[in-house]
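> Structure of the sequence below:
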Amino acid sequence: MTKCADREIKGYLAAHSIPNIFYVLRKEYSQEERRKFIKNLCEIFQVSDLNAEKIISAIDNKQFLDFEDCLQEECAVAETVDYIVTRNLADYKMSRLKVIEPDEFVKLL
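Model prediction:
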């Protein structure tokens, strides 16, 4: 995140991840804290939009069992990123992009 904040590298978030992050943080953080956090994320990362083309492509993609993971991949492909960084490697076995864990990504930096 620091490398993205310092503009040394570009990082992307899929737009549909934003409400998920907001929801997951609800148990630990107030509404105001979560709003500030999301705003900061949007200043650090580029946000890949979600549109009908990506949704239809994900629906038609039978390689992925998890629809949300497939949407993540569609956004990543559209942004021509180098890596999808996730702890959930198993669900990205059929990804068109290289998928790595956060620790591996940090080592690359």
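
> can you tell me how far the residue nearest to Phe105 when sequence neighbours are not counted sits from Glu28?
Distances taken as Cβ to Cβ, 6 or more residues apart in numbering place Val85 nearest to Phe105, at 4.8 Å, with adjacent residues excluded. Just so you know, the C-beta spots here come from the backbone N, C-alpha and C atoms, and that holds for glycine as well. Relative to Glu28, Val85 is positioned 22 Å away (Cβ to Cβ, to the nearest Å).

> between the two, which one's more packed in?
Between Val85 and Glu28, counted using other Cβ atoms under 10 Å, the more crowded position is Val85 (19 against 8).

> any idea of the pLDDT on that one?
Confidence at Val85, expressed as pLDDT, is 96.

> Need the pLDDT of the residue nearest the centre of the chain.
Nearest to the geometric centre of the chain sits Leu13, at 3.9 Å (Cα atoms, centre = their mean). Leu13 carries a pLDDT value of 96.

> wait, isn't it in contact with Ser48?
Yes - if you go by Cβ atoms under 8 Å, Leu13 and Ser48 touch, sitting 7.0 Å apart.

> where exactly do the helices run in this structure?
2-5, 17-24, 31-44, 52-60, 67-78, 102-108 (DSSP state H).

> quick one: average confidence on the third one?
Model confidence over helix 31-44 averages 97 on the pLDDT scale.

> ok, now the fifth one?
Confidence for helix 67-78, expressed as mean pLDDT, is 96.

> who touches that helix?
12, 14-17, 48-50, 54-55, 57-59, 61, 63-64, 84, 86, 88, 91-92, 95-97 (Cβ atoms under 8 Å, 6 or more residues apart in numbering).

> Show me which of those are buried.
12, 14-17, 48, 50, 54, 57-58, 64, 84, 86, 91-92, 95 (16 or more other Cβ atoms under 10 Å).

> still on that earlier bit, tell me which of the helices of the chain sits most buried.
helix 67-78 (a mean of 21; mean count of other Cβ atoms under 10 Å).
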